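In: Sharing a sequence plus its predicted fold:
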There are 2 protein chains.
Amino acid sequence: MASTVSRPSRVAKLPPRERILDAAEELFQSEGIRRVGVQAIAEKAETTKMAIYRHFETKDALVAEWLRIVAADYQAAFDRVEAEFHDRPREQILALARFIAEGLPALSYRGCPFINSLAELPDRAHPARQVIEQHKALQTRRLIGMCTAAGLPDPEQAAAEITFVLEGAQVSTQNGSIDRAGERLLRIVQGIVDRPRSPLDASGAAVD
Amino acid sequence: MASTVSRPSRVAKLPPRERILDAAEELFQSEGIRRVGVQAIAEKAETTKMAIYRHFETKDALVAEWLRIVAADYQAAFDRVEAEFHDRPREQILALARFIAEGLPALSYRGCPFINSLAELPDRAHPARQVIEQHKALQTRRLIGMCTAAGLPDPEQAAAEITFVLEGAQVSTQNGSIDRAGERLLRIVQGIVDRPRSPLDASGAAVD
DNA sequence: AAAGAACGATACCGATGAGTTCCCTACGAT
DNA sequence: ATCGTAGGGAACTCATCGGTATCGTTCTTT
């Protein structure tokens, strides 16, 4: 703990860039992007505004970097799940749902950083928004892969359904409309992966 | 120009309060709450900032009023559906899903006003936030009622599932991760209301 | 030891935010 | 015609925003 490369003297303080990102993480998550000023981040990070602008071009760039990290964390969770239940796609999907379900209490009343950030970034050209959209697109692709591997009749439809309930569980937790959202979410996803493959499954013939 | 004070005769100009609310509606929906200044609303409403403050205590009150109206619109849609398919709860639920599904293209990339506003209002004591939470709670209650009437085995669970997919469809439309979200949503909800009541339904024994 | 990069702090910039003061014009009543 | 009043609107206050400029200090490197 006391060992550091460059010896930031007494307290084992992380380098400024990390402290800034940690502070931004906390504040953006709990308060939202636009409510949090650069000054506030600096204070929480025990540094100054100038230091922030030495490490990040603009506030928007800091926001984008924060979301990149959050996205990477989610990706890592995906990776872990995929590795832990190798070749058992059904378990992978369930583990994923469990991961989200277990995260719900922590998000409580504050919500998913992606969903919230999206609301604050109406401009699709915003760098942070592109981070989100790419991340979501990638997650969807991976989920479709799992659904395919799990032998679900219509993998894309199943992936859409799972995506919907995962997102919806987070939103409903945030607005407090559904109690025990975590448990409910797990049961729903179980229902999806264990859905009986009825022979009269009308994949393509339904809607259109 | 040619408009008179007490007679909106020539141009069918709505009274100031309506114009303000219409302008706020458009701007809040497309830009978000915090991005939109009172001045901008005044300009779009073809009036002045002072006029806004004569009709609304604060900006927050205007936001709350806007959300009250949106909530009332949703309630009205609920009412219509309930009336149109009286005593046919299955059709009511489907019509509700259709209502949301048909609204998706309009929301495209911008999202649901409730979800978005929630993200911008971390303070649960905020009047507008309370409007949202009450609205969502009420909607959930009504949906549970429909599910019960439809004879679904576990109405609360079914209502939760429907709520999740409805919210999730909106979020996923906003972030562009799921294509044809509307069609997919409809098929999912159909699947829920038409779910075969399997005798081996394992309500409580599933999760743990 | 010297040079150079990174750090910390303060003060500043122009823009914009919400909310207010105050005047001025248009009207109804007398 | 004159007065009183109410609404409209420019201009203002004060705070805060994102972003910069400029200091002196500290640490790394050579």
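Out: Cool, got the structure.

In: Wait, A:Gln190 touches A:Ile93, no?
Out: No. In this structure A:Gln190 lies outside contact range of A:Ile93 using Cβ atoms under 8 Å: 9.3 Å. Any C-beta I mention is one placed from the backbone N, CA and C, and that applies to glycine too.

In: Those two - which one has more neighbours?
Out: Neighbour count, other Cβ atoms under 10 Å in any protein chain shown: between A:Gln190 and A:Ile93, A:Ile93 has more, with 25 against 17.

In: separation between the more buried one and DNA strand D?
Out: 39 Å (Cβ to the nearest atom of the strand, to the nearest Å).

In: Also A:His135?
Out: Distance from A:His135 to DNA strand D, by Cβ to the nearest atom of the strand: 23 Å.

In: what helix or strand is that residue on?
Out: In the assignment (DSSP states H and E), A:His135 maps to helix A:127-149.

In: Can you mark which positions in that helix are buried?
Out: Buried residues in helix A:127-149, counted by 16 or more other Cβ atoms under 10 Å in any protein chain shown: A:127-129, A:131-133, A:135-136, A:139-140, A:142-144, A:146-147.

In: Kindly report the same for stretch A:55-62.
Out: A:His55, A:Phe56, A:Lys59, A:Asp60, A:Leu62.

In: Grab the nearest non-local neighbour of A:Glu31.
Out: Leaving aside its sequence neighbours, A:Glu31 sits nearest to B:Pro122 (Cβ to Cβ, 6 or more residues apart in numbering or on different chains; 5.5 Å).

In: For the one you found, which three-state class applies?
Out: For B:Pro122, the assignment made with DSSP: H, G, I helix; E, B strand; the rest coil gives coil.

In: That one and A:Arg34 touch, don't they?
Out: No. B:Pro122 lies out of contact with A:Arg34 (Cβ under 8 Å); the separation is 11.0 Å.

In: Low-confidence stretches in chain A?
Out: Low-confidence segments of chain A (pLDDT under 70): A:1-13, A:198-208.

In: Helices along that one, start to end?
Out: With DSSP state H as the criterion, chain A has helices at A:16-31, A:38-44, A:49-55, A:59-84, A:89-107, A:113-120, A:127-149, A:155-175, A:181-193.

In: Give me the buried positions along stretch A:187-195.
Out: A:Arg187, A:Ile188, A:Val189, A:Gln190, A:Gly191, A:Ile192, A:Val193.

In: Using PDB, list the CA coordinates for it.
Out: Output of stretch A:187-195 as PDB, limited to C-alpha atoms (Å, rounded to 0.1, in the frame of the first residue of the first chain):
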ATOM      1  CA  ARG A 187     -37.200 -15.300 -13.200                       C
ATOM      2  CA  ILE A 188     -38.100 -13.600 -16.500                       C
ATOM      3  CA  VAL A 189     -34.700 -14.400 -18.000                       C
ATOM      4  CA  GLN A 190     -35.000 -18.000 -16.800                       C
ATOM      5  CA  GLY A 191     -38.300 -18.200 -18.500                       C
ATOM      6  CA  ILE A 192     -36.700 -16.900 -21.800                       C
ATOM      7  CA  VAL A 193     -33.800 -19.300 -21.900                       C
ATOM      8  CA  ASP A 194     -35.900 -22.300 -20.800                       C
ATOM      9  CA  ARG A 195     -38.800 -21.500 -23.000                       C
END
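
In: Just confirm yes or no for it near chain B.
Out: Yes. Judged by Cβ under 8 Å from any Cβ of the partner chain, stretch A:187-195 comes into contact with chain B through A:Arg187, A:Ile188, A:Gln190.

In: just curious, which of those is nearest to A:Val165?
Out: Nearest to A:Val165 out of the residues of stretch A:187-195 next to chain B is A:Ile188 (Cβ to Cβ; 5.1 Å).

In: which residues touch that closest one?
Out: By Cβ atoms under 8 Å, 6 or more residues apart in numbering or on different chains, the contact set of A:Ile188 is A:Val165, B:Gln157, B:Ala160, B:Glu161, B:Phe164.

In: what do you get if the cut-off is 10 Å, keeping everything else the same?
Out: When contacts are counted by Cβ atoms under 10 Å, 6 or more residues apart in numbering or on different chains, A:Ile188 touches A:97, A:161-162, A:164-166, A:168-169, B:157-158, B:160-161, B:164-165, B:192, B:206.

In: Tell me how far it lies from B:Ile93.
Out: 16 Å (Cβ to Cβ, to the nearest Å).

In: Same question for A:Gln29.
Out: A:Gln29 sits at a distance of 35 Å from B:Ile93 (criterion: Cβ to Cβ).

In: and if you look at A:Leu138?
Out: 33 Å.

In: try A:Gly111
Out: 26 Å.

In: now A:Gln134
Out: Distance of A:Gln134 to B:Ile93, given as Cβ to Cβ: 35 Å.

In: How about A:Gly111: what's its closest non-neighbour residue?
Out: Using Cβ to Cβ, 6+ apart, the closest residue to A:Gly111 is A:Gln174 (3.7 Å).
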